[in-house]
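Participant: Quick one, structure for this:
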Amino acid sequence: MPNEPAYHYRFIPVEPRHLNMISDWLAEPHVAKWWGDPEEEMASIVEHMDSVSVEPFIIMLGDEAIGYLQTYDPHLEDDHPYQDQPTGTLGLDEFIGEPDLVGQGHGPRLLDEFVSLLFEEGVPRVIVDPDPANGQAVKAYKKAGFIAFDTRTSIYGPALLMARDNPELCPDETRIQ
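Facilitator: Model (predicted):
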């Protein structure tokens with residue numbers, strides 16, 4: 001689209017220097033509404049920094065930190081409810097922490113860019129599981145190419161399971177349609 005401004009997103013691993021900023025974002029009403037208790041979430045993110053199953057990232061727009069993203073491998077976590085997904089599938093959770101950047105179209109663009117990077121690395125499927133009541137997130141995931149295929153209830157509450165398949169690695173019979 002010729003009139004669309006150019007955006008450049010980068011995804012850098014979370015480091016201790018980012019923790020205060022993430023904590024501030026988790027306390028923002030638009031994040032806390034869907035992510036839950038900021039202190040509990042912060043403790044979980046700190047744990048993820050040394051995890052083999054979860055990789056936490058800071059979302060950068062140019063040189064500005066704008067949000068948080070994490071990938072997880074459901075097959076590396078005991079009793080994860082998404083272990084029925086194909087081997088190699090990664091789950092993704094994210095939020096834009098800066099309130100003035102919410103609703104500006106960054107979500108779908110950064111998701112598309114990040115998922116494309118995962119596909120280049122050989123990931124066959126990426127899943128997300130927004131609360132079905134979180135219309136803004138569901139809309140962003142749809143714009144980024146995710147397709148809803150199941151509803152479940154997890155320890156976090158209701159979840160709309162959505163997937164985006166790597167067209168080069170997912171055979172037609174396993175691809176979400």
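
Participant: what about this structure, any weak spots by pLDDT?
Facilitator: Low-confidence segments of the chain (pLDDT under 70): 1-7, 170-177.

Participant: Now residue 119: closest residue in space that isn't a chain neighbour?
Facilitator: Closest residue to residue 119 apart from its sequence neighbours, by Cβ to Cβ, 6 or more residues apart in numbering: residue 166 at 4.4 Å. Yep, even glycine has a C-beta here, placed from its N, CA and C like the rest.

Participant: just residue 146 next, same as before
Facilitator: Using Cβ to Cβ, 6+ apart and skipping the chain neighbours, the partner closest in space to residue 146 is residue 162 (4.0 Å).

Participant: Do you have the strands of this protein handy? List them.
Facilitator: Counting by DSSP state E, the chain has strands at residues 9-13, 54-61, 64-72, 90-96, 125-128, 147-154, 157-165.

Participant: What helices and strands are in contact with the fifth one?
Facilitator: I take that to be strand 125-128. The contact analysis (3 or more Cβ pairs under 8 Å, 6 or more residues apart in numbering; DSSP states H and E) places strand 125-128 against strand 90-96, helix 106-120, strand 157-165.

Participant: Residue 76 contacts residue 83, correct?
Facilitator: No - at 9.6 Å, residue 76 does not count as touching residue 83 under the criterion of Cβ atoms under 8 Å.

Participant: Would you agree the residue nearest to residue 119 is in contact with residue 124?
Facilitator: Yes - when contacts are counted by Cβ under 8 Å, residue 166 is listed as touching residue 124 (5.1 Å).

Participant: about what we covered before: quick check: which of the strands of the chain is buried the most?
Facilitator: Burial of those is given as mean neighbour count (mean count of other Cβ atoms under 10 Å); strand 125-128 ranks first at a mean of 23.

Participant: what are the pairing partners of that one, and which direction each?
Facilitator: Its sheet considered, strand 125-128 pairs with strand 90-96 (parallel), strand 157-165 (antiparallel) by DSSP bridges.

Participant: Dump the C-alpha coordinates for the shortest one into PDB.
Facilitator: Listed in PDB are the C-alpha atoms of strand 90-96, where the atom choice follows Å, rounded to 0.1, in the frame of the first residue of the first chain:
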ATOM      1  CA  LEU A  90       4.900 -22.300  18.900                       C
ATOM      2  CA  GLY A  91       2.400 -20.300  20.900                       C
ATOM      3  CA  LEU A  92       2.600 -16.500  21.000                       C
ATOM      4  CA  ASP A  93       1.400 -13.900  23.600                       C
ATOM      5  CA  GLU A  94       1.900 -10.200  23.100                       C
ATOM      6  CA  PHE A  95       0.700  -6.800  24.100                       C
ATOM      7  CA  ILE A  96       1.500  -3.200  23.100                       C
END
